[in-house]
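Colleague: no sequence on this one, just coordinates:
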């Protein structure tokens, strides 16, 4: 697991202005890539990547969550499933991931779920991703105390690719802060556009 970085610039409050949020994103590079699996595919003369899976953690302070019941604490410790809460904000993090998808030409925000509650569900709006980003602050009152956000978005290019992103402030020590699955085929250049944006903003680099 990562350790707290004393040089990490603390983000503004969730209810801060969009500029404050983006200034924090621009100034912060706190993440470390953990692992990524991928398979390559080709269709005609164009190279595609298939069924990508990315996981990474943020280099921020973690607080262990202790269950009140002794036997629950003991069980979680033995199984290695102890819970931690990470010190980052969901809104700017989720917005950053949406912007990375937009850079990679994803257009449709299918669904946004916070703590198991669906806040947005419009698969029929095939070009709404950028509008979702512009109006994302409208979700702030539902997200500021949230622990997880799930985002589903679709890229309808030569082939169809569905991105499923899960961002977790609270998770077991065995899990990662961010899980990204891209099911289907995506052009290699679009995938690298997505990854390069994350690398620029969060320091997420591709590993073999």
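Modeller: Arrived safely. Values in this document were obtained by computation on a predicted structure and should not be read as measured data. Numbering: from 1, shown residues only.

Colleague: May I see the buried residues of stretch 178-188?
Modeller: Applying a neighbour-count criterion of 16 or more other Cβ atoms under 10 Å, the buried positions in stretch 178-188 are 178, 179, 180, 182, 184, 185, 186, 187. The C-beta positions use only the backbone N, C-alpha and C, and glycine is treated the same way.

Colleague: now those as TSV including pLDDT?
Modeller: Formatted as TSV, these follow (pLDDT from 0 to 100):
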residue	pLDDT
178	92
179	93
180	95
182	95
184	94
185	94
186	94
187	93
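
Colleague: where's the closest residue to residue 168 other than its chain neighbours relative to residue 47, distance?
Modeller: The spatially closest residue to residue 168, leaving aside those adjacent along the chain, is residue 148, at 5.0 Å (Cβ to Cβ, 6 or more residues apart in numbering). Remark: distance between residue 148 and residue 47 (Cβ to Cβ, to the nearest Å) = 34 Å.

Colleague: more neighbours, those two?
Modeller: residue 148 (15 against 12; other Cβ atoms under 10 Å).

Colleague: what sits against that one?
Modeller: Contacts here follow Cβ atoms under 8 Å, 6 or more residues apart in numbering; on that basis residue 148 touches 114, 115, 116, 166, 167, 168, 169, 170.

Colleague: 10 Å - rerun?
Modeller: Going by Cβ atoms under 10 Å, 6 or more residues apart in numbering, residue 148 touches 90, 113, 114, 115, 116, 166, 167, 168, 169, 170, 171.

Colleague: Tell me which of those residues fall in strands.
Modeller: Counted as lying in strands by DSSP state E, out of these, are 113, 114, 166, 167, 168, 170, 171.

Colleague: from those residues, which is closest to residue 135?
Modeller: Nearest to residue 135, judged by Cβ to Cβ, of these is residue 114 at 15.0 Å.

Colleague: Identify the residue spatially nearest to that closest one, adjacent ones excluded.
Modeller: Nearest to residue 114 is residue 146, by Cβ to Cβ, 6+ apart, at 4.5 Å.

Colleague: All the helices of the chain, in order from the start?
Modeller: For the chain, the helices defined by DSSP state H occupy 18-27, 70-79, 90-103, 129-134, 140-143, 188-202.

Colleague: and the fourth one, what other elements does it pack with?
Modeller: What it means is helix 129-134. Other helices and strands packing on helix 129-134, by 3 or more Cβ pairs under 10 Å, 6 or more residues apart in numbering; DSSP states H and E, are helix 90-103, strand 108-114, strand 148-156.

Colleague: swap in the longest one?
Modeller: Other elements packing on helix 188-202 under the criterion 3+ Cβ pairs under 10 Å, 6+ apart are helix 18-27, strand 31-43, strand 46-58, helix 90-103, strand 160-168, strand 178-187.

Colleague: Please list all residues in contact with residue 145.
Modeller: Residue 145 neighbours (Cβ under 10 Å, 6+ apart): 14, 90, 114, 115, 169.
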